[in-house]
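Chemist: no sequence for this one, just the structure:
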């Protein structure tokens, strides 16, 4: 099987006529159509995939199937049709040949114009006794079924970004998620500012956009979606408290700045900005009017507090309290889980014996103490850059996070967890070490050891796959790192080739702890939907609560990729990929050894309770029988591969896509900068004493 890669370069605008005032700003849409026969035996072209919008100088791939047609449509922004081209995929392949050379061609457009593209065919050679020759052909061994539903090869040709969905807090039908308000907003419950005068973020309902403080969301009385007239909540309030008071809204002109009492944001416009209740003077947007519950004249806050006091009194009477428990300040004991979202918890280190020694003064660092040299990686989190400490020959990897992104994604707690885990990493040889953290008004900085051997994604792209001995060695060291975290109640949740780096000797180190979750012990489990799509475990996709089992699934995917050179599950989009993870069986080449096959089968078990790592120790599997784990953890076993490193600051083992990029910190909008509450990042900065010794 062969696939064609097409890079879209430019449009020749000489023949394209546009009105004089219209700017020529073209973009390209690509449709892939299959040749199918209808009930009458007539051949028709049918589009089975979504339209893809390809950026200039970017690529798209297609297998060479008989009858397949690629349709390229050129538009002018915003959505003006200009021209199109329809070519059989085999015709395009003939223009560049099957030998892998790159050809630049002009394609004629209809009714006029030309499109310049680069074409290249990638053969997936098969056969032979050498398994290395069949790396690219493993898809073709089973494409009789897979290619009918999926058009991708699964080859490890690009990096994949992790995702995290915001935690949803459900209350009375509302689906509240953390929301960062870029403009001043009021809480619909207590009518106090959410943004500006208080230091915490608010919640907004995904359905009706009701905005409240974090502390207020579980006090809201109104049901979502809140038209209120016939809702269950309105009926309950009517039956119990005779509350069914619809608002009498009337369009109103506001002469001074006014905020919506539902979503909390300002009513914009010069006139007729919103509607106002003639009775209780509630002001809301036109779009929010139908979501307001029938609570005209009702003070939700006072009513909710009254109901809470009644329930507390009733529950205390129902409980058999110990002697003395009902008097004074000891009468009510809050739940341990109360107000979890309001605080960021840091570990408290206890000492034995007397008072601690006087702390030794340590140097505080800032970004001005380092010279940024190259970009090593980037993603939704920010950037990782190679930096040299000024006045020394010491090199570090500095991870920079934009505070506005952290706030918008409600990731303050995750950032503090990452700092904590990096601090623990000093106790293990296969976890990346943290030297210090500091902050500016715009960014948070993690200063970590620089691992100049590059990541496994970079190395596997050059070697297609790893020999079994090498894959086993890396996998064994990863097992040690994962088990170290699991014993401390930490699940990693983002294991992938990109996050496993090599040091100068060839040992691995797990990096990037931004997805970690602490305190997962016993019956305590996590529920957040997060991870890199190719590695996400079935239990996460099903919305189930989970623990360390998800790391062993990701470990199975990573081991599969190292041994076989492609992902076990693939799809053209996330929906297809997730469906494949939930239902499809991965393909195992014939040349895979029996022990490797057995290990992968047990790791990629969809039932978490019987997955290897949850049921049974991964170290005890036959695949790892040649590994002495005690010597391995003492770094006494020689690595099977040593990366080529020219100097301490060498970055040749990192992706040129990043290292060729201009080194600079992404600026923050000045209007956003003034809105960032710096108190929320208090306690982030620290310096490890080993920083001065490095």
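Modeler: Right, received. Where do you want to start? Every value quoted in this text rests on a predicted model; they were computed, and no experiment measured them. Numbering: from 1, shown residues only.

Chemist: Please count neighbours and contacts with C-alpha atoms only from this point.
Modeler: Noted.

Chemist: Thought residue 468 was touching residue 640, still the case?
Modeler: No. Using Cα atoms under 8 Å, residue 640 is not in contact with residue 468, being 10.5 Å away.

Chemist: pLDDT at residue 241, what is it?
Modeler: For residue 241, the pLDDT comes out at 53.

Chemist: just residue 252 next, same as before
Modeler: For residue 252, the predicted pLDDT is 87.

Chemist: Against residue 285, how distant is it?
Modeler: Going from residue 252 to residue 285 by Cα to Cα, to the nearest Å gives 10 Å.

Chemist: Comparing the two, which shows the higher neighbour count?
Modeler: Neighbour totals were compared for residue 252 and residue 285, and residue 285 leads with 23 against 15 (other Cα atoms under 10 Å).

Chemist: In space, what's closest to the more buried one - neighbours in sequence excluded?
Modeler: The shortest distance from residue 285 to any non-neighbouring residue, by Cα to Cα, 6 or more residues apart in numbering, is to residue 274 (4.6 Å).

Chemist: who's in contact with that neighbour?
Modeler: 251-253, 267, 283-286 (Cα atoms under 8 Å, 6 or more residues apart in numbering).

Chemist: which one of the residues you listed is nearest residue 83?
Modeler: For the contacts of residue 274, the residue nearest residue 83 by Cα to Cα is residue 286; the value is 41.4 Å.

Chemist: if we can go back for a sec, and the residue nearest to residue 285, what's its pLDDT?
Modeler: Looking at residue 274, its pLDDT is 89.

Chemist: separation between it and residue 257?
Modeler: Remark: distance between residue 274 and residue 257 (Cα to Cα) = 12 Å.

Chemist: what is in contact with these two at once?
Modeler: Taking Cα under 8 Å, 6+ apart as the contact rule, residue 274 and residue 257 both touch residue 267.

Chemist: pLDDT of stretch 24-36, averaged?
Modeler: Averaging pLDDT along stretch 24-36 gives 86.

Chemist: if we look at it, which residues are touching it?
Modeler: By Cα under 8 Å, 6+ apart, stretch 24-36 touches 11, 18, 43-56, 66-77.

Chemist: now those residues: which count as buried?
Modeler: Among those, those buried by neighbour count (16 or more other Cα atoms under 10 Å) are 11, 54, 67-76.

Chemist: Can you lay out the residues you listed as TSV showing secondary structure?
Modeler: Below are the buried ones among the contacts of stretch 24-36 laid out as TSV (DSSP: H, G, I helix; E, B strand; the rest coil):
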residue	secondary structure
11	strand
54	strand
67	coil
68	coil
69	strand
70	strand
71	strand
72	strand
73	strand
74	strand
75	strand
76	strand
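
Chemist: tell me which of those is nearest to residue 425?
Modeler: Ranked by distance to residue 425 (Cα to Cα), those are led by residue 54 at 41.4 Å.

Chemist: Need the per-residue pLDDT for the closest one.
Modeler: So residue 54 comes in at 84 (pLDDT).

Chemist: Quick one: low-confidence residue ranges for the stretch 51-200 of the chain.
Modeler: Counting by pLDDT under 70, the stretch 51-200 of the chain shows low-confidence ranges at 123-167, 180, 182-183, 195-200.

Chemist: show me the contacts for residue 568.
Modeler: Residue 568 makes contact with 154, 557, 560-561, 586-587, according to Cα under 8 Å, 6+ apart.
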